[in-house]
Structures are given as C-alpha cells and as structure tokens.
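> Quick one, fold the following:
(one chain, ligands or ions: 1)
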Amino acid sequence: MDCIVINGGKSLKGEVSVSGSKNAALPIIVATLLANGNHKISGVPNLRDINTLAKLLTHLGAEIQFNENMEVNTHNINVFDAPYELVRTMRASFLVIGPLVARFGKARVSLPGGCAIGVRPVDIHIKSLEAMGVNIDIEQGYVTASCDELKGAHIYLDMPTVGGTENIIMTACLAKGTTVIENAAREPEIIDLVGALRTMGAQITGEGTGTIKIEGVLKLNPLNYAVIPDRIEAGTFMVAAGITGGDIFINNCPIKYMGATIDKLRETGIVIEEENGLVHVLSSGKINCVEVTTKPYPGFPTDMQAQMMALLSLADGTSIIRETIFENRFIHVAELDRLGASIKVEHDTAIIGGVKKLKGATVMATDLRASASLILSGLVAEGKTTVLRVYHLDRGYDCLEEKLKLLGADIYRTSENNL
Ligand code: EPZ
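Next up is the predicted model:
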C-alpha cells in the first residue's frame, strides 16, 4: 500500500493549477446514461472515484475512453444493476438509479451502506423517486426500482441533500410533466450538472437556488461539457499556503464559488487576492483562532472542515469547529493529536487549543479529507511525517503530492514496504 512521506518546515512558493471538480464530474458522468450516443466531458480529474464510476458504467454496457477528454458511448446500455462491491466503494454510484429508471424503466442498485464519516442514508432519494411514480422494493441490501410512467412531482426535500437533488434533477429530465424541487441543495456542482444537462436538451431553471424546476422532455442528446475546477482542492492549497507561511498563486481557481471558505481563511490572517486571473495566497505564518460551523452551500463546506482543523491546530488561542452535516467527521482528530495538536471533541463540536508546533509522526488516513488534513499538518510539523493508507487521498485528489512538491514541499510517495 502507498504512503506519503513529508519532511516539514518548507514554506510553499510558486504557482499551482486546480484540477476539475470530483463532485461535479461524478454526477455529470452518470448523466450520460440519460441519452444514447457519444458523450464528451473535458476537465475530468484523474481520481480513483472517477475510475470506480467508469468501471460501473462499463459494467452497465457503456464504452469509455480517456483521451484529452473523457468519452462515454452509451449506445449499448444493457445491464441495469449496480452491484454492492462497486457501490460500497463509491457511494455516488447510487446516482445511477434515477437515470436508469428514467431511461429504461428499471434499475437494481445496491444501497451504498455507511462510510467512515457517517451512516449517509439515501431515504430522501428513494422517497423522491416514489413521488415520481417509481415502484421501490428494498431487500437484501438492494433497491429494486421500476416504473411504467415517470411523472413530474412537487418534491420538498427534508434536507438539502446534494446527491438527492442531483438524482431527482436527472430523473425529472425524462419525466412526463413538470417537477419542482423545494429545499434543493445549492452547491456549485449542481449548477455544473445542470449546465451539462442543458447541453443534452434538458429544460431546467432555478439551479443554485432552493427551488429548481424541471420540464420533462421526451428525449435527450449526448452531452458535451467542461467540468468546473475543484473548489475543495483550491481551498486545500489555500490552507497549505497558510499553514506553511507561504506565498503561492493558484491558477484555474473557482473563486466565485469559494466565498465562505475565503472569508473564513482571511479571518485566520491569510491574505487572499485576485491578481491577473490568478489567486494570490500569502501568509505570515501567524494564524488567528476562529469559530467555524459547517453548513450546506453557500455556508462553510464540510469538505473543508478537516483541512481547516489542521490550520487552526497552530492558531494563537482556541478555535471551535462545529460539524453539522455528518455525524462522524472528526476521525482525523485522533491522528492530528498524534502530531502534537491539542483537540477535544464534544458531540458535534471540536475545541482546538492552538499549539506552538507539531512534531512529525506516522499517522493513518481514515477518509478522503482527513488524508488531506494530515498531509497539510506534515508540511509544517518538525521532522518526518508518514501518512499511511493514502488510497483514501487518491479518491479525491489528483497527484496532490506532486503539486505540493512543485510548490517546494519536501514530499514523496512510496510503498509502506519501503519504510
Ligand atoms: C456530497 O455527498 C459530496 N459527495 C460530499 O463530498 C459532501 O460532503 C456532501 O455532498 C455534502 O456537501 C459528492 O458530491 C460525490 P448529502 P452526498 O446527500 O450527496 C443526509 C467529499 O469529501 N442525507 O448532501 O452524499 C446525509 O446523511 C465528499 O468529496 C439523508 O439523511 O451528501 C448527510 O448527513 C464527502 N438522506 C447529509 O444529508 C438522504 O437521502 C448531507 O448528505 C441523503 C442525505
């Protein structure tokens, strides 16, 4: 198994480019199931999760090629089940249920099961599909869905679920009549999915607001779309500059979707400015303590919580982070404490007592964003930090250690057998 080794203490300098957004690319790739033909998606990042989804679509009968674009040929979708071994490794696979039912009238998809950060049920997805006339049976860990006539519905989401909103939007594109989603998620990745669906001929309004309206159409055409840059990767680079007292320029940064993240990072003392199309991130290395509460977009993103915690572990004073989206997204605390951080968890709140320095150690990644927080801490910890199980990192970051090395970090990937 791969691990990443960092010798801390280097301030990052230079320019780095952001890859395409994982959380935009995944639903857009699923949307190809809605139409027969050759689809082209550019800006797809090279990630384990993308490869897992490509494996699932191939299982369903799609032909996929990765050239400078990702090309998906859906002429021959002839399998309508998504097996547990694929869905459990990447829960966004559950998104295929809507498009399969909408296009073929049937689907059998494994329940995703939980993951490290929480139970992550899909009850709202299922309730919404039933509201559109889909018959649902759940047994032996699988959801079997069938539908003779998919009809538009007025759906109120109990909570603004990102995946739930995406599943309903895609399904409603081919329903008979109008679908209105109230309390919809507003994330930029949903705006991007709608942009891609529009290139297919979908009739959608309201994306990015809490009310989204979809007029069903009889047929869609192949999509041709460029994925937005990844706002979470961009935020991770901003923290990397902040924690190392660095001075970097970020290219391809989706700054318009990063208001809450940038506002909070500025509050810690990091200077963030737009300069000639690049984003300049400058830090003296002094970090102010702050209070953070994760919220659905446009609030502070839960996917930046672990990275923020790494930064605040070195702040002057005590910071507070409240995690309101997932019930178990503080697993990185124990590992950060092994690097010398002083963090206590009480229910949904982490109390972070700023320390003067961190000291390198061997730590274990437990989930995607936790991996990033351990690497960020290793950049500044005294001595050597070894992060194990970086397959978690590879799910959502495209060559992160290479990009950090180009910014001057002393970091490399090796095998645990070589340690
Ligand atoms: C998406 O997950 C993202 N993943 C997550 O990013 C992100 O953390 C999350 O949205 C919140 O922003 C992708 O887009 C592939 P949700 P998703 O449905 O869609 C509860 C990362 O690090 N819920 O908005 O699964 C659920 O338990 C990943 O890139 C229900 O109760 O998130 C959770 O507490 C991690 N019932 C909350 O809603 C449902 O039917 C938010 O979940 C659905 C969700």
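
> Tell me how many other residues surround the residue in the chain that the ligand sits nearest to.
Here the residue of the chain nearest the ligand is Gly163; by Cβ to the nearest ligand atom that distance is 2.8 Å. C-beta here means a position set from N, CA and C on the backbone, and glycine is covered the same way. Applying other Cβ atoms under 10 Å, we find 21 residues neighbouring Gly163.

> wait, it sits on Ala92?
Yes - Gly163 is within contact range of Ala92, at 6.6 Å (criterion: Cβ atoms under 8 Å).

> joint contacts of those two?
With contacts defined as Cβ atoms under 8 Å, 6 or more residues apart in numbering, the residues adjacent to both Gly163 and Ala92 are Pro27.

> Can I take it that the residue of the chain closest to the ligand is in a strand?
No - Gly163 is assigned helix when assessed by DSSP: H, G, I helix; E, B strand; the rest coil, not a strand.

> contacting residues for it?
Gly163 sits next to 27, 91-92, 94-95, 122, 125 when contact means Cβ under 8 Å, 6+ apart.

> Spell out which residues of the stretch 1-150 of the chain are next to the ligand.
22-23, 26, 92, 118, 120-125 (Cβ under 6 Å from any ligand atom).

> from those residues, which would you call buried?
If you count burial by 16 or more other Cβ atoms under 10 Å, the buried members of those come out as 22-23, 26, 92, 120, 122, 124-125.

> so of those, which ones are in helices?
22-23, 26, 124-125 (DSSP state H).

> For my notes, please list those residues in TSV and give pLDDT for each entry.
Output for these, formatted as TSV (pLDDT from 0 to 100):
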residue	pLDDT
Lys22	98
Asn23	98
Leu26	98
Ile124	97
His125	97
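
> what's the farthest-apart pair in the residues you listed?
Pairwise distances among these were taken by Cβ to Cβ; the largest, 21.7 Å, belongs to Lys22 and Ile124.

> Which stretches in the stretch 151-300 of the chain count as helices?
162-172, 188-198, 231-244, 259-267 (DSSP state H, counting those that start in this stretch).

> Including mean pLDDT, could those helices go into TSV?
Putting the helices of the stretch 151-300 of the chain into TSV (pLDDT from 0 to 100) gives the following:
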stretch	mean pLDDT
helix 162-172	98
helix 188-198	98
helix 231-244	98
helix 259-267	98
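
> JSON lines please, covering these and showing distance to Leu33.
Compiled in JSON lines, the helices of the stretch 151-300 of the chain are given as follows (distance: least, Cβ to Cβ, whole Å):
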{"stretch": "helix 162-172", "distance to Leu33": "8"}
{"stretch": "helix 188-198", "distance to Leu33": "12"}
{"stretch": "helix 231-244", "distance to Leu33": "25"}
{"stretch": "helix 259-267", "distance to Leu33": "32"}
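
> Quick one: closest of those helices to Leu379.
Comparison of the helices of the stretch 151-300 of the chain against Leu379 by Cβ to Cβ identifies helix 231-244 as nearest, at 5.2 Å.

> how far off helix 259-267 does that closest one point, in degrees?
Here helix 231-244 points in a direction 0 degrees away from that of helix 259-267 (axes from the mean of the first three to the mean of the last three Cα atoms, to 10 degrees).

> so what does helix 231-244 touch, helix or strand wise?
Packed against helix 231-244 by the contact rule (3 or more Cβ pairs under 8 Å, 6 or more residues apart in numbering; DSSP states H and E) you find strand 247-251, helix 259-267, strand 278-282, helix 305-312, helix 368-380, helix 400-406.

> can you rerun that using 6 Å?
Helix 231-244 makes packing contacts with strand 247-251, helix 305-312, helix 368-380 when contacts are defined by 3 or more Cβ pairs under 6 Å, 6 or more residues apart in numbering; DSSP states H and E.

> Centre of the chain to that helix, how far?
Between the mean C-alpha location of helix 231-244 and the chain-wide mean there is a distance of 15 Å, by Cα atoms, centre = their mean, to the nearest Å.

> which residues touch that helix?
Counting by Cβ atoms under 6 Å, 6 or more residues apart in numbering, the neighbours of helix 231-244 from elsewhere in the structure are 11-12, 16, 18, 248, 250, 253-254, 257-258, 261, 265, 270, 281, 283, 303-304, 307, 311, 372, 376, 379-380.

> If we use 7 Å, what do you get?
In this structure, residues lying in contact with helix 231-244 by Cβ atoms under 7 Å, 6 or more residues apart in numbering are 10-12, 16, 18-19, 21, 188, 246, 248, 250, 253-254, 257-258, 261, 265, 268, 270, 272, 281, 283, 287, 301, 303-304, 307-308, 310-311, 314, 372, 376, 379-380, 397, 404.

> Name the residues of that helix that come out as buried.
Residues of helix 231-244 classed as buried: 231-244 (neighbour count, 16+ other Cβ under 10 Å).

> Just flag the most distant two among the residues of the stretch 1-150 of the chain next to the ligand.
Checking those against each other with Cβ to Cβ, the farthest-apart pair comes out as Lys22 and Asp123, at 24.2 Å.

> what's the next secondary structure element after the least confident helix or strand in the chain by mean pLDDT?
Evaluated with mean pLDDT, DSSP states H and E, the helix-and-strand set of the chain has its lowest mean pLDDT in helix 84-87, which scores a mean of 90. Helices and strands here follow DSSP states H and E; after helix 84-87, the next one along the chain is helix 97-104.

> That following helix to helix 162-172, inter-axis angle?
10 degrees.

> quick check: mean pLDDT across helix 97-104?
When pLDDT is averaged over helix 97-104, the result is 98.

> Give me the domain ranges for this protein.
Following the assignment in automatic domain parsing, the chain carries domains at 2-19+229-418, 22-226.

> residues touching the residue of the chain most remote from its centre, list them.
The outermost residue of the chain relative to its centre, with distances by Cα atoms, centre = their mean, is Asp148 at 33.6 Å. Applying Cβ under 7 Å, 6+ apart, we find Asp148 in contact with Gly105.

> now do Asn76
Counted by Cβ under 7 Å, 6+ apart, Asn76 has contacts Gly61.

> Am I right that it is in a strand?
No - note on Asn76: no strand contains this position according to three-state DSSP, which reports coil.

> No more questions from me, cheers.
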